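1. Sharing a model that was predicted from the sequence below.
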Amino acid sequence: MTKLYVLTGGPGTGKSSIILALEQLGEYVMREAAEDYIKLRQAHGQKTPWTEPDFQDRILDLQLQREARIPKDAKRAFLDRGIHDGLAYAQKGTQTYDRILTEAQKARYDTVFLIGMLDSTETTETRRECHEEAALLGQQLAHIYQEHGYEMIALKAGTLQERVARILKHAARYSY
């Protein structure tokens with residue numbers, strides 16, 4: 001059975017860079033659904049796709065689709081965000097939030113890495129949160145995963161190589 005390792009944390013912490021580095025090392029990875037969807041919609045002329053009423057539903061659909069495509073024979077897979085991440089972005093009390101919550105309760109990840117904040121957060125066309133907002137989102141994500149029974153492995157700031165090495169060391173320890 002494939003071991004699933006989620007990388008979560010606030011925007012701009014280096015998750016995507018870690019995922020790319022893992023992919024270059026031959027690991028199976030799943031890129032962030034939200035970032036890819038935002039880029040796609042922006043390429044079609046929608047500058048602010050996050051304002052669309054069904055935005056979080058579309059992110060969830062893409063996340064579920066991608067997770068379902070993880071090869072069953074893969075030893076392990078590293079995911080740039082898990083389903084639970086959507087709970088930090090959806091509004092409580094909405095159908096969308098309830099749908100994400102239902103899917104999050106079904107999901108089972110082997111390990112969740114909380115990627116620590118870097119010294120600064122650069123805003124881009126796809127990442128609009130400032131450093132303070134990103135830090136708050138990181139705290140909220142840690143709380144969400146802990147609420148769902150996950151022990152977080154905190155990955156502090158460091159070089160890309162140090163972070164990747166720590167993740168792989170942990171994954172090797174639990175590859176049974």
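-> Cool, the structure landed.
2. In the chain, where is pLDDT below threshold?
-> Counting by pLDDT under 70, the ranges of the chain that qualify are 118-131, 134, 174-176.
3. So which residues of it form helices?
-> Using DSSP state H, the helices of the chain run over 15-24, 33-43, 55-68, 86-89, 95-106, 131-147, 160-173.
4. right, and those - which one's nearest Leu114?
-> With respect to Leu114, and counting by Cβ to Cβ, the nearest of those is helix 131-147 at 5.3 Å. Any C-beta I mention is one placed from the backbone N, CA and C, and that applies to glycine too.
5. For the most centrally placed residue in the chain, which residues are in contact?
-> Closest to where the C-alpha atoms of the chain average out (Cα atoms, centre = their mean) is Arg81, at 1.2 Å. Applying Cβ atoms under 8 Å, 6 or more residues apart in numbering, we find Arg81 in contact with Val6, Leu7, Thr8, Lys15, Glu32, Ala33, Ala34, Gln63.
6. Give the residue farthest from the middle of this structure.
-> The centre of the chain is farthest from one residue, Gly45, which by Cα atoms, centre = their mean lies 25.1 Å away.
7. What's the separation between that one and Gln161?
-> 39 Å (Cβ to Cβ, to the nearest Å).
8. now swap in Arg58 and tell me
-> Going from Arg58 to Gln161 by Cβ to Cβ gives 35 Å.
9. Of those two, which one has the most company?
-> Comparing Arg58 with Gln161 by other Cβ atoms under 10 Å, the one with more neighbours is Arg58, at 17 against 9.
10. neighbours of the closest residue to the more buried one other than its chain neighbours, just the number please.
-> In this structure, Arg58 finds its nearest non-sequential neighbour in Tyr37, 6.0 Å apart by Cβ to Cβ, 6 or more residues apart in numbering. A count of nearby residues for Tyr37, using other Cβ under 10 Å, gives 19.
11. what's the nearest residue to Asp57 once chain neighbours are set aside in contact with, if anything?
-> Leaving aside its sequence neighbours, Asp57 sits nearest to Thr96 (Cβ to Cβ, 6+ apart; 5.4 Å). Neighbouring residues of Thr96 by Cβ under 8 Å, 6+ apart: Asp54, Gln56, Asp57, Leu60, Ala90.
12. could the residues you listed be laid out in TSV, adding distance to Ala172 and neighbour count?
-> Below are these laid out as TSV (distance: Cβ to Cβ, whole Å; neighbours: other Cβ atoms under 10 Å):
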residue	distance to Ala172	neighbour count
Asp54	40	10
Gln56	35	21
Asp57	37	17
Leu60	31	22
Ala90	35	21
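13. Please name the bridge partners of the nearest residue to Tyr150 once chain neighbours are set aside.
-> Counting by Cβ to Cβ, 6+ apart, the nearest residue to Tyr150 once its immediate chain neighbours are dropped is Val112, at 4.6 Å. The partner list for Val112 in beta bridges (DSSP bridges) reads Val6, Met152.
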